[in-house]
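# Just to be clear, the model below is a prediction. Sequence and coordinates:
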Amino acid sequence: MDQEQAQVLFNEGAVLVFLDVPVGTEFGIDYNSWNVGPNFKGVKMIPPGIHFVYYSACNSEKDSAPRTGFFYNFKHKEMVVRKWDKLTEDISSDVVTEEELNRFKENKKELDRYLGAYPYESYKKWVSLTDHLTPRLVGQLQPANEKISAVTEFISESSTTQTRRNAMDIQNGIKSSDSEDTRLPKMETKPETVIQYTQIPKHKYPSGASPSEITKYSMDSSYVLETILSERFTVNDTEILGELQFAFVCFIVGQNYDSFEQWKRLVHLLCTCEEAISNHTDLYTQFISILHFQLQEIPEDFFVDIVSQNNFLTGTLQQFFSNLESSIADDKLKRRGVKFQAYLTKIFKWDFASEADEYAPVIVEAQ
């Protein structure tokens, strides 16, 4: 970054002040993370827009706790102040007063040397992975506590005389006619930690559908997609791509496994449509671009799991290219699909032309 650009970002960019963070704690923003040192007080020169901030506490043996993060829409010249709670090893829930905030703003220049600069060289990549995220969509998807956690938080049902008796029976090895599952305490995810992802309808065809429609929509997910777009994404059909990006960031950066499952569900839904492709040209044009960038960012070891697990990715993309080819979509979109298919074959050695087993593509042997 040249001096002029740095000066613009210093004057126009946002600042995140993060106080009292223990030395060694992992701290990150977007695609960059560090272990903080004794002088760390936050990050400066943050480009305005939506970013993902995350952290993991570390013990004396340098073992990291599960990652926790949150999305925040930074404004021009905004200063955001957060404090670390040593007791909970998390961001403090205490609200920073207006007086405190003004004091930090007045001392911005003195604070500057304790702030790390946002790594602007990776900003373009971040934009390519989040360009469909909007503040409204983030607010709609994020949990009530506004935190994305790598570990699911559970609560158990209230203890009763019967549950305590069952627990004692298990401890003492006493057999019961009840199954073991019914004697164990029931665990539920804390409601305030649940990401509000779109539920994919299980009913694949309209009520009163004819036998031919039932057959058609059992293979073509277009009815399910149209239902979701009309009920959930009423502003713009490409909003569903924002959720796809939200899920991707949460599982790649936030290490949240539920988000990985939602990402797979959305990719499968979009790829198994045929009728909808011709009705949503812009949606599918941008979908191809998003997949292009996402597949480049999946870590190699994780990537192998995604590809090999029930042949998910290659099999799903095979369906997509087949649906695109047989659809009545415009030629420009079809050409884009052909180029994407050729790119995947070249970079990942996937051969979508061969159908060795059912409809699953085979892997091309590297020469």
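Nice, I can see it. Numbering: from 1, shown residues only.
# could you pull out the strands for the stretch 251-367 of the chain?
For the stretch 251-367 of the chain, applying DSSP state E, counting those that start in this stretch gives strands covering 350-351, 362-363.
# rank these by pLDDT, which is bottom?
Mean pLDDT is lowest for strand 362-363 out of those, coming in at a mean of 42.
# any weak-confidence spans in the protein?
1-2, 156-185, 303, 305-311, 354-367 (pLDDT under 70).
# what about 80?
1-11, 59-62, 156-187, 299-311, 351, 353-367 (pLDDT under 80).
# and it, what are its domains?
Domain ranges of the chain: 3-130, 154-189, 197-363, per automatic domain parsing.
# would JSON lines of these with distance to Gly139 and mean neighbour count be doable?
To be clear about C-beta, it is placed using only N, CA and C from the backbone, and glycine gets the same treatment. JSON lines is the format used below for these (distance: least, C-beta to C-beta, whole Å; neighbours: other C-beta atoms under 10 Å):
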{"stretch": "domain 3-130", "distance to Gly139": "9", "mean neighbour count": "16"}
{"stretch": "domain 154-189", "distance to Gly139": "20", "mean neighbour count": "11"}
{"stretch": "domain 197-363", "distance to Gly139": "11", "mean neighbour count": "17"}
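# how about CSV for the ones you listed, with distance to Leu137 added?
Formatted as CSV, the domains of the chain follow (distance: least, C-beta to C-beta, whole Å):
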stretch, distance to Leu137
domain 3-130, 9
domain 154-189, 22
domain 197-363, 5
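# Run through the residues that contact Leu291.
Applying C-beta atoms under 8 Å, 6 or more residues apart in numbering to Leu291 gives the contacts Val267, Phe340.
# returning to that earlier point: nearest to Lys147, out of the domains of the chain?
domain 3-130 (5.4 Å; C-beta to C-beta).
# and that closest one, how far from the chain's centre?
20 Å (C-alpha atoms, centre = their mean, to the nearest Å).
# Pull up the distance across it, start to finish.
27 Å (C-alpha to C-alpha, to the nearest Å).
# Likewise for stretch 37-52?
Using C-alpha to C-alpha, the distance between the terminal residues of stretch 37-52 is 21 Å.
# where does Tyr31 fall, phi/psi-wise?
Main-chain torsions, Tyr31, degrees, to the nearest 10: phi -100, psi 20.
# Not including adjacent chain positions, what is the nearest residue to it?
Ser122 (5.1 Å; C-beta to C-beta, 6 or more residues apart in numbering).
# I'd like to know how far the one you found sits from Val80.
20 Å (C-beta to C-beta, to the nearest Å).
# Just the helices from the stretch 1-150 of the chain, written as ranges.
Listed in chain order, the helices of the stretch 1-150 of the chain (DSSP state H, counting those that start in this stretch) span 3-12, 98-106, 108-111, 123-130, 135-141.
# okay, those helices in TSV with distance to Asp237 next?
Shown next, in TSV, are the helices of the stretch 1-150 of the chain (distance: least, C-beta to C-beta, whole Å):
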stretch	distance to Asp237
helix 3-12	33
helix 98-106	40
helix 108-111	43
helix 123-130	18
helix 135-141	13
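# Go through these and name the closest to Arg336.
Nearest of the helices of the stretch 1-150 of the chain (C-beta to C-beta): helix 123-130, 16.4 Å.
# what does the closest one contact?
Residues contacting helix 123-130 (C-beta under 8 Å, 6+ apart): Asp30, Tyr31, Pro47, Gly49, Ile50, His51, Gln245, Phe248, Val249, Phe293, Gln294, Glu297.
# Also stretch 214-224?
200-201, 203-206, 209, 269, 272-276, 279, 323.
# hmm, 7 Å instead?
Ile200, Pro201, Lys204, Tyr205, Pro206, Leu269, Thr272, Cys273, Glu274, Glu275, Ala276 (C-beta atoms under 7 Å, 6 or more residues apart in numbering).
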